[in-house]
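Q: Turn this into a model:
(2 chains, ligands or ions: 2)
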Amino acid sequence: MKNDLKYVGKSIPIHDVKEKVSGKLKYAADMQLPGMLHGKLLLSSVAHGRIKKIDVSKAEALEGVVKIFTHENSPNTLYNSHKWFVGMEITKDERLFTDHVKFVGDRIAAVVAKDRFTAERAVNLIEIGYEELSVVVDPEEAINLEDYYIGQKKIESGSVHDVFSKASIIIEDSVETPKIHHAAMETHVCVASPGIHGDVTVWTPCQVVFQVRLIVAEVLGMPLNKVRAIKASMGGSFGGKGQPVLEPVCAFLAKAMNAPVKLQMDRTESIIGTRTRTATRGTIKTAVSEDGTILGRDIHMLVDTGAYYTNGDAVTMAMAKKAFRLYKIKDQRFVGDVVYTNTPIGGACRGYGSPQIHVLSEINMDNVARRLGMDPAELRLRNLVHPFDKDPINGPDLGNARAIDCVTEGMKVFDWKQKRLRPKTSGRIVRGVGMACATHGNGYHGGYQDFITMSLRMTEDGGVFLNSGIHDLGCGTVMTMKQIVAEVLDVEIDKILAPEGDTLVSPFDVAGTQASRVTFVCGSCAMKVAEQVKEKFIGCASKILQCSPEEVVMEAGEVWSSTSETVKYSYGKMITDIQSKFQDDISVSYTYTSPANPGVYAANFVEVEVDTLTGLVKVLDVLAVHDIGKAINPGFVEGQVQGAIQMGIGFALSEEIKVDRNGKISGDKFSKYHVINAPSMPDVKVLLIEEGEEHGPFGAKSIGEISTCAIAPAIVNAINAALDINITSLPVTPEKIIKALHEK
Amino acid sequence: MELIINVNDIEYKLDVNPRMRLLDVLRENLGLTGAKEGCGEGECGACTIIMDGLAINSCMVLAHQARGKKIITVEALEQDGEMDRLQEAFINNGAVQCGYCTPGMLMSCKALLMNNPNPTDEEIKIAIEGNLCRCTGYIKIVRAVKEAIQNQ
Ligand code: FES
Ligand code: FES
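A: Ligands and ions are numbered 1, 2, ... in the order given. Predicted coordinates:
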């Protein structure tokens, strides 16, 4: 690995930070187009039913209402919003507006009005006659019902049966995780505008512009070339804006009205009517030897994808694969059953199944340690994968997997042994420590297509234009790409232009901002395309400088021959000379296909304080140790981790979209859905293990998703250790703690 | 309804729909879109502005309640091309990711420093307890405010 890096490894602020702190940056909700109309959705108020009657007459009579759309006057194309590339075969069960509502929040109609207030008022005037049908919200019930059961995913390495029939120590746990809301501060929003060529343009804070284009085109029966998707400034996503939700609806409204339309959700609509973290019920059995070696493991996951299919089976497979990539377990089985329920739709959510599978496996690991009387960190060290281990189910190699370093370094820095063995206090306030490990991936290699095209051009004034379909979700993607390009070409960051995705002008990217692929895959593409441009530039420059390519020196925006250091050209002057002399353009378009998908690893250590009278938990301290290969921008990495910990604390302690027996939803507003705020946020120390990864740009691997995978189980483990209880149902609310203490 | 308000030292005479909230007037009538709507129920702080020296959620104030008041929005933090030291500190400390909470955060912090130039860490956290951020975990935001205090 290169050590004398100039741009990579520096904490440079996010590219549009000035516009953000001055309030100038326009998000989709801030957009105004001439003649723009406003849409408002009507969402179902019953969890399951057929629509027998829709009376829009009162709503239509309201002054300012332009038109109302329902299943009666809109396309009935079935689609699956999870589909992100054309060749993907998948069950399609969504449609723009339904006549068969399947959860409280299902889309029934949209009002288009001259202003937002009128649209909101009109929605309340639409009268719906439902024929209510039986409601299933419990996945355990759904698994036995034909209409609700989707199918099974199963992976096995070795023979679990053989191991368990001989094992003497088997520790079993059942763990539940809730549906949660991504809680991006920006609610879902989209603006669409029809063109005069039968085309439509969609501005959306999204994660995959080419997926938006595909879904809009499919639903509206348009050619891909007639749909232009432009990534708008993103007010937070975390997976929640991954699948197109509003985009096909908004594009349809704009086309139908032949006018620009803005469609925005309020918070409640965003909570119930978009996507959620998929809820799970898992059981796990681990067979171990007396010395703590895992002999075999048997996992069953019941996965509740909610009312529509979306990524129900994909997220189950994602969980399954992770189970084989953290510990060395020769004999292991994962079985996942996927069901529908009449509840909000599951989708991508930061970690994509990893938080769920690790809550299950890591709580169980602590119970194994407890049973054996071992230090849970030592138990993990005995079983964690080693660098360059193979995946036992023939998945991609683990690469430079530094899970063990994460634990050993973390134990030292956190002072784990000493804190763990501290005598327990017996008063009302009790403290405890816990830890957990996790793994995640770096893209789609081994699962789906994973390639991206970027083009890079050096301009006549010494600038660099990196054209690609990237999406900055607030994580710093644009700056990350600039830092990589700057490092290769040795050019100032400010001279690089790296716009975000726009399907009209961006080169194709097959998968967008998903699967923790951006730094590892897109970053590698940026690096390679810059290297090729550099080679071309040096080749031409050598002719002008009359030296060999090896003698060409590029440094800080200047180029010269090492044989005559007095004649220095600026990059811009050299480009201009190359143009006039050779009529050539120093630009390259390059398609990079990811050759690898190594694991990333994390160990989180936490200290909690529990009030045994009220059951309230305060997280006092967090140490997050990450095997990141190389941090391109350590400031971004730290920011990712700190934000992910905030999300993980909520997952562990307070966040839940609750659905009652009738499918009614509580936790559908921030006043009823507790997102961790500043006073409840502990200090988070971030420790990076930077040992380099072969196929990552400058050795870098992913961080955004792995960073929220170990925190919840670490907190639960700390609570259970402090109180000597075994809560395995998230969120660990005060009520659950008080109940567990009473039952002790 | 006629409304006279002072926003960022400019006196406006507007004709507004009486159901409009202060947030709507700022965003839609005045084009000051820095303040955002994240919940519309006073829980997220994305719409925070300063009214007569206090940080308030502009989604919870009807436009007419702002009559005759002095409003400051994020757009006025920068003066004569110079950023406020809070803005500088947010930039330098990586306190901004998606930026959606940022204007509201800045205004809560600005109001805090206007009333209490030397807040403790606890006071900073309490000043932003009504400002949710999903990206940063608040840590760099608190760090930024501390730096801004030192730089005053
Ligand atoms: S929008 Fe005003 S507090 Fe959330
Ligand atoms: S920076 Fe995204 S919500 Fe705070």
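Q: Return the nearest residue of chain B with respect to chain A.
A: B:G34 (2.4 Å; C-beta to the nearest C-beta). The way it works is simple: take the backbone N, C-alpha and C, and place the C-beta from them, glycine included.
Q: So the nearest residue to that residue once chain neighbours are set aside, which state does it fall into?
A: Nearest residue to B:G34, sequence neighbours excluded (C-beta to C-beta, 6 or more residues apart in numbering or on different chains): A:G23, at 2.4 Å. Three-state assignment for A:G23 (DSSP: H, G, I helix; E, B strand; the rest coil): coil.
Q: next one: A:V608
A: Criterion first, three-state DSSP; result for A:V608: strand.
Q: where does the closest residue to it other than its chain neighbours sit relative to A:A710, distance-wise?
A: Using C-beta to C-beta, 6+ apart and skipping the chain neighbours, the partner closest in space to A:V608 is A:A718 (4.4 Å). Remark: distance between A:A718 and A:A710 (C-beta to C-beta, to the nearest Å) = 12 Å.
Q: which residues does the residue of chain B closest to chain A contact?
A: A:22-24, B:73-75, B:103 (C-beta atoms under 8 Å, 6 or more residues apart in numbering or on different chains).
Q: Max pairwise distance over the residues you listed: which two?
A: Using C-beta to C-beta, the pair of these lying farthest apart is A:K24 and B:T73, separated by 11.8 Å.
Q: OK, contacts around the residue nearest to B:G34?
A: B:32-35, B:73-75, B:77, B:102-103.
Q: what does the model give it for pLDDT?
A: Per-residue confidence (pLDDT) for A:G23: 98.
Q: just B:R19 next, same as before
A: Reported pLDDT for B:R19: 89.
Q: cool, A:N3 as well?
A: Looking at A:N3, the pLDDT reads 60.
Q: Within range of ligand 2, give me the residues from the stretch 401-550 of chain A.
A: When proximity is defined as C-beta under 6 Å from any ligand atom, the stretch 401-550 of chain A approaches ligand 2 at A:G474.
Q: The stretch 401-550 of chain A: helices as residue ranges?
A: A:403-414, A:416-421, A:477-489, A:523-545 (DSSP state H, counting those that start in this stretch).
Q: Dump those to CSV, plus mean neighbour count, mean pLDDT and distance to ligand 1.
A: Shown next, in CSV, are these (neighbours: other C-beta atoms under 10 Å in any protein chain shown; pLDDT from 0 to 100; distance: least, C-beta to the nearest ligand atom, whole Å):
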stretch, mean neighbour count, mean pLDDT, distance to ligand 1
helix A:403-414, 21, 98, 36
helix A:416-421, 15, 97, 38
helix A:477-489, 26, 98, 27
helix A:523-545, 21, 98, 35
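Q: and A:A192, helix, strand or coil?
A: Classified using three-state DSSP, A:A192 is strand.
Q: close enough to count as contact, it and A:L246?
A: No - using C-beta atoms under 8 Å, A:A192 is not in contact with A:L246, being 9.1 Å away.
Q: which stretches of chain A have low pLDDT?
A: Across chain A, the ranges flagged by pLDDT under 70 are A:1-3.
Q: re the thing from before, between the contacts of B:G34, which is nearest B:L26?
A: B:T73 (6.2 Å).
Q: just to revisit the earlier point, I figured the residue nearest to A:V608 hits A:V430, correct?
A: No - at 10.5 Å, A:A718 and A:V430 do not qualify as touching, with contact defined as C-beta under 8 Å.
Q: what's the single longest helix in chain B?
A: helix B:102-115 (DSSP state H).
Q: A:D509 contacts A:C522, doesn't it?
A: Yes - shown here, A:D509 and A:C522 form a contact pair, counting by C-beta under 8 Å, at 7.2 Å.
Q: Find residues that contact each of A:A192 and A:L246.
A: A:L263.
Q: Contact partners for residue 22?
A: No chain specified, so I'll use chain A. B:34, B:74-75, B:77-78, B:83, B:87 are the contacts of A:S22 under C-beta under 8 Å, 6+ apart.
Q: looking at chain B here, not the other one
A: Neighbours of B:L22 in contact, by C-beta under 8 Å, 6+ apart: B:49, B:51, B:58-59, B:61-63, B:65-66, B:71.
Q: Just the buried ones from the residues you listed, in ChimeraX syntax?
A: Per 16 or more other C-beta atoms under 10 Å in any protein chain shown, the buried members of the contacts of B:L22 correspond to this ChimeraX selection:
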select /B:49,51,58,59,61,63,66,71
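Q: how about the contacts of B:L22 in CSV, adding distance to chain A?
A: Below are the contacts of B:L22 laid out as CSV (distance: C-beta to the nearest C-beta, whole Å):
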residue, distance to chain A
B:I49, 10
B:M51, 16
B:S58, 13
B:C59, 11
B:V61, 17
B:L62, 13
B:A63, 13
B:Q65, 18
B:A66, 18
B:I71, 14
